[in-house]
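*Asks:* sequence first, then the predicted structure:
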Amino acid sequence: MKRTKNIRASDKSIFFGIEDSGFVVRKRTPLRAIFRLAIMVAIGAAGVIILLHYDDMQGPFLTILVGGLFIYVGCKIKQQEILQHSTEFMNAIFASAIGDNYKFCAVTRRDGEIVYMNRSFQTVFPHFIEQPRHDLKTLITLSGIAQDDGQKIISMVTDNMPGTLKILIKTGEEKKSESMNVSIQSVSHPRGFVLIRGE
């Protein structure tokens with residue numbers, strides 16, 4: 001299956017892509033791996049220098065100390081990776097669940113910035129993914145939503161007013177007009193986010 005173009009997140013060093021499973025996963029930049037490798041090499045080099053520099057019992061003792069630090073740092077890095085993978089896996093499960101039986105699903109901040117989009121969203125709004133800005137105003141403009149309806153959506157998100165609107169949306173590559181019920185619901189935790197779904 002062809003992979004959809006990466007979605008830019010708020011943190012520009014982190015990108016989100018859609019795997020064949022339909023889950024959203026984070027792609028790690030090579031800088032993080034290089035940084036970790038540099039730390040491990042530095043600790044290892046320090047141990048070797050200490051061992052060569054000291055001839056008495058201080059050398060082996062300090063080398064053992066540095067070796068212990070090396071092992072500790074390595075374990076902490078591995079624990080962080082396991083925790084991160086587990087968190088992303090759980091997020092993927094929840095994200096898949098909230099978008100089930102809907103034509104699209106997205107999560108926005110109160111200011112209108114879209115921070116999550118499921119794969120169906122990208123199918124419904126393929127041109128939106130290519131835009132440099134991912135916010136409600138851009139989405140409303142590109143999808144041909146009427147100005148009054150668009151303003152209602154923005155007001156409901158900004159003012160934290162849950163509800164459902166029936167609106168016309170231009171969907172797909174050909175931008176065919178389609179009537180949809182768009183539901184807006186605030187997320188209780190963490191605060192400050194709004195769930196938008198279309199059916």
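*Replies:* Everything's here; your move.

*Asks:* now do the strands in the protein.
*Replies:* Ranges of strands in the chain, per DSSP state E, are 7-8, 15-18, 24-27, 104-109, 114-117, 163-171, 176-186, 193-198.

*Asks:* save those strands as TSV, and put in mean pLDDT too.
*Replies:* What follows is the strands of the chain, written out as TSV (pLDDT from 0 to 100):
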stretch	mean pLDDT
strand 7-8	39
strand 15-18	40
strand 24-27	46
strand 104-109	89
strand 114-117	85
strand 163-171	92
strand 176-186	91
strand 193-198	90
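
*Asks:* can you say which of the ones you listed is nearest to residue 70?
*Replies:* Nearest to residue 70 among the strands of the chain is strand 24-27; the distance by C-beta to C-beta comes to 27.4 Å. (C-beta placed from N, C-alpha, C; glycine too.)

*Asks:* before we move on, the earlier item: could you dump the strands of the chain to CSV with mean neighbour count and distance to residue 134?
*Replies:* Output for these, formatted as CSV (neighbours: other C-beta atoms under 10 Å; distance: least, C-beta to C-beta, whole Å):
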stretch, mean neighbour count, distance to residue 134
strand 7-8, 17, 7
strand 15-18, 16, 11
strand 24-27, 15, 14
strand 104-109, 22, 9
strand 114-117, 20, 5
strand 163-171, 16, 17
strand 176-186, 15, 17
strand 193-198, 21, 13
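
*Asks:* compare those strands and give me the one nearest residue 72.
*Replies:* Distance to residue 72, taken as C-beta to C-beta, is lowest for strand 24-27 among those, at 25.9 Å.
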